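>>> Give me a 3D structure for the following:
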Amino acid sequence: MRLLRSYRRRLSAIVVLAALCVVTSIVSAQNRPSSGKKNNSASCPHEDSGLTLPAGFCATVFADGIGHARHLTVSPTGVVYVNTWSGDYYDFDKPHDGGFLVALEDKRGAGKADVIERFGATVRTGGAGGTGIGIYKGSIYAEINDRIVRYSIPADSIVPKDPPTTIVSKLPLGGDHPMHPFIIGADGSIYVDIASATNSCQAKNRQPKVPGDDPCTELQSRGGIWRYDANKTNQTFSPTDRYATGIRNAEGFAFDSTGRLFVTQHGRDQLHSNWPDLYRPSEEATQPAEELLLLKQGGDYGWPECYYDGVRKKLVLAPEYGGDGGKRVGLCASKMAPVAAFAAHWAPNGMVRYDQQRFPDRYQSGVFIAFHGSWNRAPYAQGGYNVVFQPLDGGRASGKCEIFADGFAGPVKTPEGAAHRPSGLAVGPDGALYVSDDIRGRVYRIVYSGDPAGPAPKGTPCPSASAPAGAVVAAPAEPPEGTNPAAGAAAELKPLVPEGATAEMVALGDRIYHGQVGGATCTGCHGANGTGSPIGPSLTSQQRLWSDGSFAEILKVITEGVPQPKKYRSPMPPMGGAQLTADQASALAAYVWGLSHQQK
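Numbers count the residues shown, from 1 in each chain. Predicted coordinates:
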């Protein structure tokens, strides 16, 4: 008996020691930096985001289904305000009832919004939503259509009771980039992005071998940053208020701790498809780099004459202005180069500096950037659809960027297949980082559960701006279930053969469509399964925008292109920008015809 009790005591000790080892092991694992691992720690019991984050970080869904959520901001009391958008970019789907502006509040402290209120312009009052939003002196400033307005928020409500006051109106609309993101400085200066109406200032936008206008008169009212005063009302857009120029599309803004202002730039598209004699098909995917710029008054950052070559690491002359495929520099030597460069076509949207104390200190010396995700890398794999951290030291990059949050898109990183696409970023007074999604209207909340003074985790290093395109995507990827009702069915149907064509032609057209022959980039606009995207219409429907749907008419559209789309902002160049023979064009037309005439 004494021996049994002694055995039990020893067994109990062993169990206790084992339990202590397990606990120690778990704590150690949670505190150990580990990039690219999904968090499922006990410190985040309600983790439901599906995101991949560095060790110690946790993401939850703060709100969902609020509309196409673009930029967002957070009040000193923790109310999250979001601007939502509509229109042709979202295939004219039905917007939410109520205002395009949304106030989100977490009254229970559960990390999820339990109060959702809408305000502002509606479809019935002529609104179409917007991107830009900010807070200054307790008021909400928001972009709506062609203006920026101000809403006063009463003390007893999270939404305004009175109509807004117009701060600036008659901002340019239309073209490739009709949105107006902005930021408000401590002195009340509003810096507004008035992005370009074209890809590269051609008289015929996005058409092959068309030189750029010289001078580019578009720069008088587009392609730069304008400055206004948040304290003044009824200002009117004027070319004379331009603060900086040569910026194609600056969606992201962030001040550093000293007041320096950084902006992102979306690089131009279609180098190979518009200039096939100068650029290889793979360079459609790898050039030019996306940019982070240090904004200076009167600065000229090069668009449209220049673009940043991520391989050569310098600004080079664009082909529309005498460039030779990346060798000639010319007048670009006098333009202002970026402080950091990123992989081509990732589409940097929102940007924010982390100015709270809940994340490790290293995250206070840099900026977070939301990359909306590419379309122009087809037929190679698309990229982006993530949030990265770019460390800064003064006015320059102090290291390579890191992928901080990934997994938004789900298994398919394409415009038509992504489940979510990050767009806006904001930091709350509670130290949380908020991320908006403009597909399904989701808002994520990211917090850190570790000790901010402890070892700082790191994310996965970003691919280099000079990284190769990789392999052509060999087979069409099916979008996630629910993304497009026709997508799953389209993947299971077999295209029929039009009269005058053969099954061999359709098979060749399939390979051309998916970029395996001829360097075509069809999937970038029309989707891997032909079900459409925000860039181009579905090809699986028998409702046509530009033809009667016959084989001959489809061939004509492919051969001649679509210089002035009826519904989509970006035109299609002849042959979709590919260098196809007459036989290849016919094969592609046969395949496209077959997409809308299928049998199981």
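>>> Compute the distance between G530 and V473, please.
Taking CB to CB, to the nearest Å as the criterion, G530 is separated from V473 by 14 Å. C-beta: built from backbone N, CA, C; applies to glycine.
>>> ok, the two, which is more surrounded?
G530 (27 against 19; other CB atoms under 10 Å).
>>> tell me the secondary structure for the more buried one?
Under DSSP: H, G, I helix; E, B strand; the rest coil, G530 falls in the coil class.
>>> Let me see the contact set for the nearest residue to it once chain neighbours are set aside.
With sequence-adjacent residues excluded and distances taken as CB to CB, 6 or more residues apart in numbering, G530 is closest to L539, at 4.0 Å. Contacts here follow CB atoms under 8 Å, 6 or more residues apart in numbering; on that basis L539 touches H526, G530, T531, G532, V592, L595, S596.
>>> With G326 instead?
Q287, D309, V311, R312, V316.
>>> And these, which of them are buried?
Q287, D309, V311, V316 (16 or more other CB atoms under 10 Å).
>>> need these in a markdown table with secondary structure and distance to P181, can you?
As requested, the buried ones among the contacts of G326 are exported to a markdown table (DSSP: H, G, I helix; E, B strand; the rest coil; distance: CB to CB, whole Å):
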| residue | secondary structure | distance to P181 |
| --- | --- | --- |
| Q287 | coil | 25 |
| D309 | strand | 26 |
| V311 | coil | 29 |
| V316 | strand | 27 |
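>>> now, which of those sits nearest C522?
Q287 (19.8 Å; CB to CB).
>>> In contact with that closest one, which residues?
G267, L271, Y279, Y307, D309, G310, V311, G326, A344.
>>> let's see it at 6 Å
L271, A344 (CB atoms under 6 Å, 6 or more residues apart in numbering).
>>> same question, the one 10 residues further on
Under the criterion of CB under 6 Å, 6+ apart, the neighbours of Q297 are Y243.
>>> Please repeat the previous calculation with a cut-off of 10 Å.
I225, R227, R242, Y243, A244, L261 (CB atoms under 10 Å, 6 or more residues apart in numbering).
>>> Check what pLDDT the residue nearest to G530 gets.
Per-residue pLDDT puts L539 at 82.
>>> got it, and A467?
95.
>>> what do you get for G454?
88.
>>> Roughly how far does it sit from A55?
Counting by CB to CB - G454 and A55 are separated by 11 Å.
>>> again with V311
To A55, V311 is 33 Å away according to CB to CB.
>>> How about V82?
29 Å.
>>> More neighbours: these two, which one.
V82 (30 against 22).
>>> The nearest residue to L219 once chain neighbours are set aside: neighbour count?
Distance criterion CB to CB, 6+ apart; nearest residue to L219, sequence neighbours excluded, is T245 at 5.8 Å. Neighbours of T245 under the rule other CB under 10 Å: 19.
>>> show me the contacts for T245.
216, 219-220, 222-225, 298-303, 335.
>>> Which members of those are classed as buried?
C216, L219, R222, G223, G224, I225, G299, D300, Y301, G302, W303, K335.
>>> which pair in these spans the largest distance?
Those two in the buried ones among the contacts of T245 that are separated most widely, counting by CB to CB, are R222 and K335, at 17.3 Å.
>>> got any ranges where the protein has weak pLDDT?
Within the chain, the ranges that satisfy pLDDT under 70 run 1-46, 88, 474-494, 516, 518-519, 534-535, 542-547, 566-569, 599-600.
>>> mind listing the helices for it?
Under the criterion DSSP state H, the chain contains helices at 2-31, 271-274, 283-286, 485-492, 503-513, 522-526, 551-560, 582-595.
>>> Report the buried residues of stretch 582-598.
584-596.
>>> who's in contact with A397?
Contacts of A397 (CB under 10 Å, 6+ apart): L292, P338, V339, A340, A341, G366, Q390, P391.
>>> what do you get if the cut-off is 7 Å, keeping everything else the same?
Listed by CB atoms under 7 Å, 6 or more residues apart in numbering, the contact set of A397 reads V339, A340, Q390, P391.
>>> Beta-bridge partners for it, please?
For A397, the beta-bridge partners under DSSP bridges are L392.
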